[in-house]
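Asker: Give me a 3D structure for the following:
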Amino acid sequence: MSTSPTTNVSEEEEEWIVEKVLDKRSCKGQFEYLLQWKDNVTSWELADSLSCQDLIDEFEDQQRQLAVKRQESVETKSSSKKKKRRNSTSEPLNGFDRGLEPKKILGATHKNGEIMFLMKWRNTDEYELVPSSIANIKCPQLVIQFYQDHSVWSDAKNPDSPTAS
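Answerer: This next block holds a predicted model:
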């Protein structure tokens, strides 16, 4: 269909009225627009053969506005994902943060000037060094039990022979 087709029956030109521009595509290096005609028929027409520049301009403006909105939406989503990634990678999650329940403290060591407990987690084969400051709050009874199990007392009668309690 074109904007001014001729009919075989009469030699008069029939005027086709474009109601709306629906879409745009590139075909063989030329732009075509999907037009909705007054009789609700749609067709792809070459841009060069159209005489509805105001509707084309309106369509192009709408497309630019949609592109800007999409870009803003993508930027918002990507920036929130980056923030989440930064937060999640800044400090690795320990077993407590992952919802694991402590089973036993197997040992203790110094790391970066802080006492760290080697923690065994319940229902898993995982072991992990946990700062004492966290263990003291999250599982104080296990900390007490660890210290009781590893305390060495000396006998008052024979100070040279330590006895484990």
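
Asker: shaky segments in this structure?
Answerer: Within the chain, the stretches with pLDDT under 70 are 1-14, 78-91, 159-165.

Asker: Where do the helices of it begin and end?
Answerer: Using DSSP state H, the helices of the chain run over 53-90, 132-138, 140-150.

Asker: which residues are in contact with the shortest one?
Answerer: Contact partners of helix 132-138, identified using Cβ atoms under 8 Å, 6 or more residues apart in numbering, comprise 94, 96, 102, 105, 108, 114, 115, 116, 117, 119, 142, 143. Just so you know, the C-beta spots here come from the backbone N, C-alpha and C atoms, and that holds for glycine as well.

Asker: what do you get if the cut-off is 7 Å, keeping everything else the same?
Answerer: Under the contact criterion Cβ atoms under 7 Å, 6 or more residues apart in numbering, helix 132-138 has outside partners 94, 96, 114, 115, 116, 117, 119, 143.

Asker: count of neighbours near the residue nearest to the second one when sequence neighbours are not counted?
Answerer: Going back to what we said before, that points to residue 96. Closest residue to residue 96 apart from its sequence neighbours, by Cβ to Cβ, 6 or more residues apart in numbering: residue 138 at 5.2 Å. Neighbourhood size, residue 138 [other Cβ atoms under 10 Å]: 16.

Asker: and if you look at residue 50?
Answerer: Neighbours around residue 50, by other Cβ under 10 Å: 18.

Asker: Quickly note the distance from it to residue 17.
Answerer: In this view, residue 50 and residue 17 are 12 Å apart by Cβ to Cβ, to the nearest Å.

Asker: quick one on the thing from earlier: compare the helices of the chain and give me the one nearest residue 36.
Answerer: Closest approach to residue 36 among the helices of the chain (Cβ to Cβ): helix 53-90, 9.8 Å.

Asker: Domains of the chain: list them as residue ranges, please.
Answerer: The chain breaks down by automatic domain parsing into domains covering 18-89, 102-164.

Asker: re earlier: kindly compare burial across the helices of the chain and name the winner.
Answerer: helix 132-138 (a mean of 15; mean count of other Cβ atoms under 10 Å).

Asker: so the closest residue in space to residue 110 that isn't next to it in sequence bridges to which residues?
Answerer: Leaving aside its sequence neighbours, residue 110 sits nearest to residue 116 (Cβ to Cβ, 6+ apart; 7.2 Å). Beta-bridge pairing for residue 116 (DSSP bridges): residue 109, residue 131.
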